[in-house]
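*Asks:* how would this look folded up:
(one chain, ligands or ions: 1)
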Amino acid sequence: MSNSRRTFAIISHPDAGKTTLTEKLLLQGGAIHLAGEVKARGQARRARSDWMKIEQQRGISVTSSVMTFEKTAPDGSTITFNLLDTPGHEDFSEDTYRTLTAVDSAIMVIDAAKGIEPQTRKLFEVCRLRSVPIITFINKVDREGRACFDLLDEVADKLALDVCPMSWPVGMGGLFEGILDIATGKVSRPEGGSKEFLGKVDENVTLPEDVGEELELAQAGYPEFDLEAYRSGDLTPVYFGSALKNFGVAELIDAIAKYAPPPRPQPTEAGPVEPENKEVSGFIFKVQANMDPMHRDRIAFMRLVSGTFKRGMKLTPSGLGKPIAIHSPILFFAQDREIADSAEPGDIIGIPNHGTLRVGDTLSEKNQIRFTGLPNFAPEILRRVALKDPTKTKQLRKALDDLSEEGVIQVFYPEIGSQWIVGVVGQLQLDVLISRLQAEYKVEAMLEASPFDTARWIRGSDQALRDFAEFNKMNLAKDRDGDPVFMAKSAWDVGYQQERNPDLTFSATKER
Ligand code: GDP
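*Replies:* Okay, here's the model as predicted:
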């Protein structure tokens, strides 16, 4: 049943507790037994599995890209959770952004002492692009943090979201006594008041007076929970807890099971495709290349949109036009990697291939579906690529095209001049670029400062674009698909041009 799937991601700033929370979620879901043992047990287990062989042969590590676990809901039904990893700041890249196009909802983890941090905010904006609903988890309440009202107001103000507290910490840090479920009025308390929070529910507790007052204020000051407002991305329910102490995590899972949307329809130009649609279809949101440069194998991650996928099925990638049989798809279980026999909408399938599958491709049985809405994001760092050996221009072009297909970088070819520009959203992508150019394409390249600071995709009528081009040739480039891009010297430049050219749109994202 497709509506038993919850496909989601965790968005947060590094150090807010994403890893810790992920472990606890898997633990609660019965996927692993002791969070601390993930590695040792995992390795022993995986060594036996077919998956590991593929991983070893191909040298691709997808170990934590997708984690699947199950939990039985209070009503007896089983919910399957697909948690998609969005790599933290070290490998921050467009991959991270694109992963968010493959989820139906997200958990936003906030450090109670720090509030909204830059990365949280960036990732949130990506969610907002697609109206992805967000459940907020304010983490680390076992430590001294900021006042609850302060945190709630900051989420509301900085993200322009309605907030609805669903729980309330009774004290924080050293004074932490437990967490109150606002709807039921029950307080779960750490057992024996020790630091071991076992989540015992105590209905007899009398709330300290100031907490009672706070609660009244909170209930008066914030909107009530409204499922529709949450699902359309306008309101976020807020839970307090401690990932480290495993406190408030069960409530979080229950909230995803209860409120988070099941797989949603995906847009195409001909209208949305519903998950109930019998025809199998999906889209590639991420391609992971081999770590070993001698092998060009890749794993393409497909989010299944409709139909029941069966192993061996033939699907046609939109970019290719010729069907491919998918004999060894990979399904991701936290416990073990399994070769998938079947999968449902909302599930992620890993498809080994030799570079035929690209980010943004649609796969379908009849090859008549094209999903839209897989955006490119405006790069934040632009660099000019210079060759040490100028005879290698052709190799460089091929490499830049390949790597931009893979989503490692974006590439812009200026209308005037021959110096190609690469754009990334994180510094690490540049390091990856240089080393892969060298290892895989035998191209020695250097990155130089670019005269541009940011890029915007421009759209408008042919006439409007021609008029614009006449005066701004120096600032025009084409992306890898040949679409026009305005290379701006500053954000101010963008605003200025937008004002002067009301017939054109200057967009920070581009949908394929
Ligand atoms: P990530 O970078 O977001 O994945 O963060 P981690 O899960 O690695 O956590 C960063 C640090 O915060 C680690 O030292 C964790 O032990 C700690 N941490 C995570 N959750 C909590 C919590 O609920 N309470 C406290 N006190 N520390 C936490």
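*Asks:* And the next helix or strand past the host helix or strand of Leu437?
*Replies:* If you go by DSSP states H and E, Leu437 is part of helix 427-441. Elements were assigned by DSSP H and E; along the chain past helix 427-441, the next helix or strand is strand 445-449.
*Asks:* Please identify the buried residues of stretch 488-499?
*Replies:* Within stretch 488-499, the residues that qualify as buried are 488, 493-494, 497, counting by 16 or more other C-beta atoms under 10 Å. (Glycine included, C-beta is placed from N, CA and C.)
*Asks:* ok so, going back, got the buried residues for the helix holding Leu437?
*Replies:* When burial is assessed from 16+ other C-beta under 10 Å, helix 427-441 yields the following buried residues: 429-430, 432-434, 436-437, 440-441.
*Asks:* got it, and stretch 504-512?
*Replies:* Of the residues in stretch 504-512, those with enough neighbours to count as buried (16+ other C-beta under 10 Å) are 504, 506-508, 510, 512.
*Asks:* JSON lines please, covering those and showing distance to Lys140 and pLDDT.
*Replies:* Listed next are the buried residues of stretch 504-512 as JSON lines, based on distance: C-beta to C-beta, whole Å; pLDDT from 0 to 100:
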{"residue": "Leu504", "distance to Lys140": "46", "pLDDT": "95"}
{"residue": "Phe506", "distance to Lys140": "40", "pLDDT": "93"}
{"residue": "Ser507", "distance to Lys140": "37", "pLDDT": "88"}
{"residue": "Ala508", "distance to Lys140": "32", "pLDDT": "83"}
{"residue": "Lys510", "distance to Lys140": "37", "pLDDT": "80"}
{"residue": "Arg512", "distance to Lys140": "39", "pLDDT": "59"}
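*Asks:* near the ligand too, which of these?
*Replies:* Taking C-beta under 6 Å from any ligand atom as the test, the ligand is in contact with none of the buried residues of stretch 504-512.
*Asks:* nearest to Asp157, of those?
*Replies:* Comparing the buried residues of stretch 504-512 against Asp157 with C-beta to C-beta picks out Ala508 as the nearest, at 21.9 Å.
*Asks:* Report the spatially closest residue to that closest one, excluding sequence-adjacent ones.
*Replies:* Ala378 (4.0 Å; C-beta to C-beta, 6 or more residues apart in numbering).
*Asks:* The one you found: what's it in contact with?
*Replies:* By C-beta atoms under 8 Å, 6 or more residues apart in numbering, Ala378 lies in contact with 423, 454-456, 508-509.
*Asks:* Could you measure from Lys140 over to Pro265?
*Replies:* Counting by C-beta to C-beta, to the nearest Å, the separation of Lys140 from Pro265 is 37 Å.
*Asks:* between the two, who's got more neighbours?
*Replies:* Residue environment comparison for Lys140 versus Pro265 gives the larger neighbour count to Lys140, 25 against 15, counting by other C-beta atoms under 10 Å.
*Asks:* contacting residues around the closest residue to the more buried one other than its chain neighbours?
*Replies:* Computed as C-beta to C-beta, 6+ apart, the closest residue to Lys140 that is not its neighbour in sequence is Ala112, at 4.9 Å. Each residue near Ala112 by C-beta under 8 Å, 6+ apart is listed here: 138-141, 143, 145-146, 151, 172, 240.
*Asks:* Recalculate using a threshold of 6 Å.
*Replies:* Shown here is Ala112, whose contacts under the criterion C-beta atoms under 6 Å, 6 or more residues apart in numbering are 138, 140-141, 145.
*Asks:* Any chance of TSV for the buried residues of stretch 488-499, columns distance to the ligand, secondary structure and pLDDT?
*Replies:* Output for the buried residues of stretch 488-499, formatted as TSV (distance: C-beta to the nearest ligand atom, whole Å; DSSP: H, G, I helix; E, B strand; the rest coil; pLDDT from 0 to 100):
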residue	distance to the ligand	secondary structure	pLDDT
Ala488	33	strand	93
Asp493	35	helix	92
Val494	32	helix	92
Gln497	38	helix	94
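*Asks:* what's the closest of those residues to Val187?
*Replies:* Sorting these by how near they are to Val187, with C-beta to C-beta, puts Val494 at the top with 51.0 Å.
*Asks:* ranges for the helices of the stretch 51-200 of the chain?
*Replies:* Listed in chain order, the helices of the stretch 51-200 of the chain (DSSP state H, counting those that start in this stretch) span residues 94-99, 118-129, 148-159.
*Asks:* ok, back up a step: among the contacts of Ala378, which are located in strands?
*Replies:* In strands, judged by DSSP state E, the following of those are found: 423, 454-456, 509.
*Asks:* among the contacts of Ala112, who's most crowded?
*Replies:* Using other C-beta under 10 Å as the neighbour criterion, Ile138 leads the contacts of Ala112 with 27 neighbours.
*Asks:* Need the pLDDT of that residue.
*Replies:* In the prediction, the pLDDT value recorded for Ile138 is 97.
*Asks:* wait, it sits on Ile110?
*Replies:* Yes: with contact taken as C-beta atoms under 6 Å, Ile138 and Ile110 are classed as touching, separated by 5.1 Å.
*Asks:* check contacts around the residue nearest in space to the middle of the chain.
*Replies:* For the chain, the residue nearest the mean C-alpha position is Leu100 (3.0 Å; C-alpha atoms, centre = their mean). The neighbourhood of Leu100, defined by C-beta under 6 Å, 6+ apart, consists of 9, 126-127.
*Asks:* how near is Val187 to Arg480?
*Replies:* Plainly put, Val187 is 56 Å away from Arg480 if you go by C-beta to C-beta.
*Asks:* More neighbours: which of those two?
*Replies:* Val187 (22 against 17).
*Asks:* Residues in a beta bridge with that one, which ones?
*Replies:* As for beta bridges, Val187 partners with Leu180, Asp202 under DSSP bridges.
*Asks:* Rebuild the helices of the stretch 51-200 of the chain as TSV, extending it with mean neighbour count, distance to Pro352 and mean pLDDT.
*Replies:* Putting the helices of the stretch 51-200 of the chain into TSV (neighbours: other C-beta atoms under 10 Å; distance: least, C-beta to C-beta, whole Å; pLDDT from 0 to 100) gives the following:
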stretch	mean neighbour count	distance to Pro352	mean pLDDT
helix 94-99	24	18	80
helix 118-129	18	28	88
helix 148-159	17	39	96
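*Asks:* Turn these into CSV, including distance to the ligand.
*Replies:* Output for the helices of the stretch 51-200 of the chain, formatted as CSV (distance: least, C-beta to the nearest ligand atom, whole Å):
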stretch, distance to the ligand
helix 94-99, 13
helix 118-129, 10
helix 148-159, 14
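*Asks:* Turn the ones you listed into JSON lines, columns for distance to Lys278.
*Replies:* As requested, the helices of the stretch 51-200 of the chain are arranged in JSON lines below (distance: least, C-beta to C-beta, whole Å):
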{"stretch": "helix 94-99", "distance to Lys278": "27"}
{"stretch": "helix 118-129", "distance to Lys278": "30"}
{"stretch": "helix 148-159", "distance to Lys278": "39"}
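*Asks:* what residues does this structure put near the ligand?
*Replies:* Along the chain, the residues adjacent to the ligand under the rule C-beta under 6 Å from any ligand atom are 12, 14-20, 88, 139-140, 142-143, 242-244.
*Asks:* Please pick the buried ones from those.
*Replies:* Among the residues of the chain next to the ligand, those classed as buried by neighbour count (16+ other C-beta under 10 Å) are 12, 16-20, 88, 139-140, 142, 242-244.
*Asks:* from the residues you listed, which two are the most distant?
*Replies:* In those, the most distant members under the criterion C-beta to C-beta are Gly88 and Asp142, with 21.9 Å between them.
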